[in-house]
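Asker: From the sequence below, what's the structure:
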Amino acid sequence: MSSQNDNKINWNEVVGKEALGENGVDFGTIKEVAGDYIVTEIGMLNKKIYHLPKSSVKYFNGVFLNFSLDESNLTTYEQKIGESALNDNSLSESPNTPTKEETSIPLISEDLQVTKNITEDNMKIVKEPVKEAKTVQIELMHEKVTIERRNVNMNADTYNKGTNIGLNNNEASNQEPHKGSERAGSMYSKTEFLIPIKKEEPVITKKSFVREEVIIKKKPVTETKTITEEIINEELTKEGISYKDEQNIQRKDNIPL
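Answerer: Purely as a prediction, here's the structure:
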């Protein structure tokens, strides 16, 4: 009876992969796909070979071939070393032919994969007033008072006529006597004169205007960043010597393992 997964699984890819049963029971390494059976092998010293039916295969995830069998079913499909294979045309080895013992040990490694995620941050740009001193020159006009002394030449007749200088006889007779004449020396009193002086004063006004515009643009910039992270790789060791060291010794001394 063939499995319903025959059309979904590439059986050539399952050879060398691990077989698992229910609850993760280890069924060993797949050695061969023979007709309606899958041959697996488990153990090193006490090696066991199983012929598991294809019909019990559930799925293959690329690493493990999963069966719908549990540990109690293994004895039914177990083949002892030296016994003939099940009646299958693809198992053509004779019982008298010595079998080649092989053990496949999967070595699991971790692969480092780095993906990208977009995050968003804010860049703050602040516009603030800054005070500075500005100097402007302007011409201002003002009036200046100057004092000029001028000599006055008057003859004796002018002084004799008194205060009625420049008046005719009739006008002089009609003039009242100056009250100041009653007090000698009143003409020498302190007198103040107010002279108006004009000048220009600066008028300061402030007017706002747009001095310039600042254009803010965004553009993508690509940079290369190196990511360093520890990963785990499984290696074999034998009696304290790693598998790689043993391979190097074999190449150097040309001694088979």
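Asker: Phi and psi next, for Ser189.
Answerer: Ser189 adopts backbone torsions of phi -80, psi 160, taken as degrees, to the nearest 10.
Asker: The chain should start at 40 in everything you say after this.
Answerer: I'll keep to 40 as the first residue from here, and by that count the last item is Ser228.
Asker: mind listing what it touches?
Answerer: By C-beta atoms under 8 Å, 6 or more residues apart in numbering, the contact list for Ser228 is empty. Every C-beta, even on glycine, is put in place using the N, C-alpha and C of the backbone.
Asker: Quick check: it vs Ile186, distance?
Answerer: Ser228 is 20 Å from Ile186, where distance means C-beta to C-beta, to the nearest Å.
Asker: same deal with Thr115?
Answerer: Counting by C-beta to C-beta, the separation of Thr115 from Ile186 is 142 Å.
Asker: hmm, who's touching the helix or strand Glu80 falls within?
Answerer: Secondary-structure element containing Glu80, defined by DSSP states H and E: strand 76-81. With contacts defined as C-beta under 8 Å, 6+ apart, strand 76-81 is touched by 53, 58, 65-72, 86-93, 96, 104, 125, 127, 130, 141-143.
Asker: what do you get for stretch 52-71?
Answerer: With contacts defined as C-beta under 8 Å, 6+ apart, stretch 52-71 is touched by 72, 77-82, 87-89, 91, 99, 101-110, 112-113, 129-130, 141-143, 145.
Asker: Please convert the buried members of the contacts of strand 76-81 into ChimeraX selection syntax.
Answerer: Buried residues within these, by 16 or more other C-beta atoms under 10 Å, are selected in ChimeraX with:
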select :53,58,66,67,68,69,70,71,72,87,88,89,90,91,92,93,96,104,130
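Asker: Out of the contacts of strand 76-81, name the ones that lie in strands.
Answerer: 58, 65-72, 87-92, 96, 104 (DSSP state E).
Asker: for this protein, what helix or strand is lowest in average pLDDT?
Answerer: helix 208-213 (a mean of 48; mean pLDDT, DSSP states H and E).
Asker: so after it, what's the next helix or strand?
Answerer: Next along from helix 208-213, by DSSP H and E: strand 276-277.
Asker: Show me what that next one pairs with in its sheet, parallel or antiparallel.
Answerer: On the basis of DSSP bridges, the sheet neighbours of strand 276-277 come out as strand 280-281 (antiparallel).
Asker: which residues of the stretch 140-289 of the chain score low on pLDDT?
Answerer: Counting by pLDDT under 70, the stretch 140-289 of the chain shows low-confidence ranges at 193-226, 278-289.
Asker: now with 50?
Answerer: Low-confidence segments of the stretch 140-289 of the chain (pLDDT under 50): 202-208, 210-212, 217, 219-220.
Asker: Comparing Thr115 and Ile186, which shows the higher neighbour count?
Answerer: Counted by other C-beta atoms under 10 Å, Thr115 and Ile186 do not tie: Thr115 has more neighbours, with 11 against 4.
Asker: Need phi/psi at that one.
Answerer: Torsion angles, degrees, to the nearest 10, at Thr115: phi -70, psi -30.
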